[in-house]
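Asker: 3D model of this:
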Amino acid sequence: MMTPYLPDLTTQKDADDIMLIHKLFAQAMKYQEMTETQKQLQCSKLKQAYIMEPHWQSAWLLVNTLNDDFKCINLTETIIWVASIKEAQEISPAIRWLNNNQLHLLNQLKNKKIKMQTLFKKNKELQLKTYRTKTQLKQAVAKIKALKNIETHVNKKIDDFPSHD
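Answerer: Next up is the predicted model:
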């Protein structure tokens, strides 16, 4: 017995799903062979095509093959596009499963990025605080040296002052 995510090809729909998945992966491989410039151009074309007529296959190809390092669409947009794929009724259980996992991972990545940005901000604040503290310390050390010089000078004057004993 096959799981719902691995069609056993007993129905025409299962066979059609497998054929569509195969076509998507074949197209993905073609995109992966493109140069960065070609990918950016194809990204723009695919985004426009999706805006004109939103097909989940276009969104899938865009987020899975043309979006290296989120150069095509940013992380937040990617999550929205992947969620839109999730809403498509005609996708196969295998793609739905893959899509759900991808959505989960993208949301985790988004949360990690938010946490990282918060930590970077906190680090920057602490670096600024450290810089200010070091500056204050240098100023305090300079004042102490100045006071020691004054003390030394006053003690020398006192020692040089003739005593009337």
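
Asker: drop to CA atoms for contacts and neighbour counts, all remaining ones
Answerer: Noted.

Asker: pLDDT weak spots in the protein?
Answerer: Along the chain, the parts satisfying pLDDT under 70 run over 1-10, 163-165.

Asker: within the helices and strands, which one has the most centrally placed residue in the chain?
Answerer: With distances taken as Cα atoms, centre = their mean, the chain has residue 113 as the residue nearest its mean C-alpha position (4.7 Å). Following DSSP states H and E, one finds residue 113 within helix 93-160.

Asker: elements contacting that helix?
Answerer: For helix 93-160, the elements it packs on are helix 75-87, judged by 3 or more Cα pairs under 8 Å, 6 or more residues apart in numbering; DSSP states H and E.

Asker: for the helix it packs on, buried residues please.
Answerer: 75, 78-79, 81-83, 85-86 (16 or more other Cα atoms under 10 Å).

Asker: quick one: the residues you listed as CSV, columns for distance to residue 42 too.
Answerer: What follows is those, written out as CSV (distance: Cα to Cα, whole Å):
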residue, distance to residue 42
75, 19
78, 16
79, 20
81, 17
82, 18
83, 22
85, 19
86, 23
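
Asker: can you tell me which of the residues you listed is nearest residue 142?
Answerer: Among those, residue 75 lies closest to residue 142 (Cα to Cα), at 50.6 Å.

Asker: give me every residue that touches residue 146.
Answerer: Residues counted as contacts of residue 146 (Cα atoms under 8 Å, 6 or more residues apart in numbering): none.

Asker: and the one 4 residues further on, by the same measure?
Answerer: Remark: with contacts taken as Cα under 8 Å, 6+ apart, residue 150 is in contact with nothing.

Asker: sounds good, over and out.
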